[in-house]
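*Asks:* Prediction below, plus the sequence it came from.
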Amino acid sequence: MRHRTIFISDVHLGTPGCQAEILLDFLSNNQADTIYLVGDIIDAWRLRRGWFWPQSHNDVVQELLARAHDGARIFYIPGNHDEVLRTYLGTHFGGVEVVETAPHVTADGRRLLVTHGDQFDSIVVNAKWLAHLGDRAYEFALWLNTWLNRIKRLWGGQYWSLSKWAKHQVKQAVSFISEYEHVLADEARRHGFDGVVCGHIHSACIRKIDGLDYINTGDWVESCTAVVEDMTGTLRLIDWAETMRNRDARPPRRRMVRRPELLTKDKEVA
């Protein structure tokens, strides 16, 4: 499918929880003139603790570089997990431009601020040690979730996200997400934008907040979501894990096979 723009964030290459194979499937089925990588694409925090880089993660990088080589405009907006790239703002890596934030104008004329969003997370800004501790706890939840889903598959169960469920059950987490969304919308308004595209909190969403567009791309660890813009400027959230489930569940098309005796009768009639 061809889009005008693709926004993806929070891929976390370099971690066992990264759903690189699903992302590769998404990229193989979706093309765009412009791609925004909205932070935490590579997880330098995890790589510092130990190297983890399977072939599928390398394939994602190679696919994005190939897109840039073929003429797609690709902007990399670093997040907190890949903040080391903020020392290379303005640099091009194989046609991928590293920028702090980016203004995006949709086909219907709306101006959107594209930013990862960690700058507006008080824990990341003021207590980075606590953010690292939370990252360890999140990594453990993903590890536990992997084993739970392996057990569920033995009984034919579908994928279920423990950490995603927990975030929506804990009142404080819901409150944090709501506050984060309003802070980002206010930031966009202060700078004269019509909306904001962000990531960081792994909570995909497209909605209006006080008249402004709030778009969160989600992630490729739990949700496997992206935001796409079509040629008219319409923005749409895609859950690619669900798309793959629906595609795999679709019954195969039956081929019509004519029996030999029917073919003989057709010839006799002729």
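*Replies:* Everything's here; your move. These figures come from a predicted structure and were not determined experimentally. Numbering: from 1, shown residues only.
*Asks:* Low-confidence ranges, the stretch 101-250 of the chain, go.
*Replies:* Where the stretch 101-250 of the chain drops to pLDDT under 70, the residues are 121-176.
*Asks:* just the helices in the stretch 1-150 of the chain please.
*Replies:* For the stretch 1-150 of the chain, the helices defined by DSSP state H, counting those that start in this stretch cover 20-29, 44-49, 55-69, 122-126, 128-154.
*Asks:* Spatially nearest residue to Arg236 (excluding sequence neighbours)?
*Replies:* Val228 (5.5 Å; C-beta to C-beta, 6 or more residues apart in numbering). No exception for glycine: its C-beta is placed from N, CA and C like everyone else's.
*Asks:* Can you report how many residues neighbour Leu212?
*Replies:* Close neighbours of Leu212, defined as other C-beta atoms under 10 Å, add up to 21.
*Asks:* picking up where we left off before, next one: the residue nearest to Arg236 from Phe52, what distance?
*Replies:* To Phe52, Val228 is 29 Å away according to C-beta to C-beta, to the nearest Å.
*Asks:* So between those two, which is more surrounded?
*Replies:* The residue with more neighbours, out of Val228 and Phe52, is Val228; 20 against 14, by other C-beta under 10 Å.
*Asks:* Which of the three states applies to that one?
*Replies:* strand (DSSP: H, G, I helix; E, B strand; the rest coil).
*Asks:* Met231 now?
*Replies:* Using three-state DSSP, the structure places Met231 in coil.
*Asks:* which phi and psi does it have?
*Replies:* Note on Met231: backbone dihedrals following degrees, to the nearest 10 are phi -70, psi -10.
*Asks:* How about it, nearest residue that isn't a chain neighbour?
*Replies:* Spatial nearest neighbour of Met231, chain neighbours left out: Arg4 (5.3 Å); criterion: C-beta to C-beta, 6+ apart.
*Asks:* One more: Gly195?
*Replies:* Leaving aside its sequence neighbours, Gly195 sits nearest to Asp213 (C-beta to C-beta, 6+ apart; 2.8 Å).
*Asks:* Nothing else from me, thank you.
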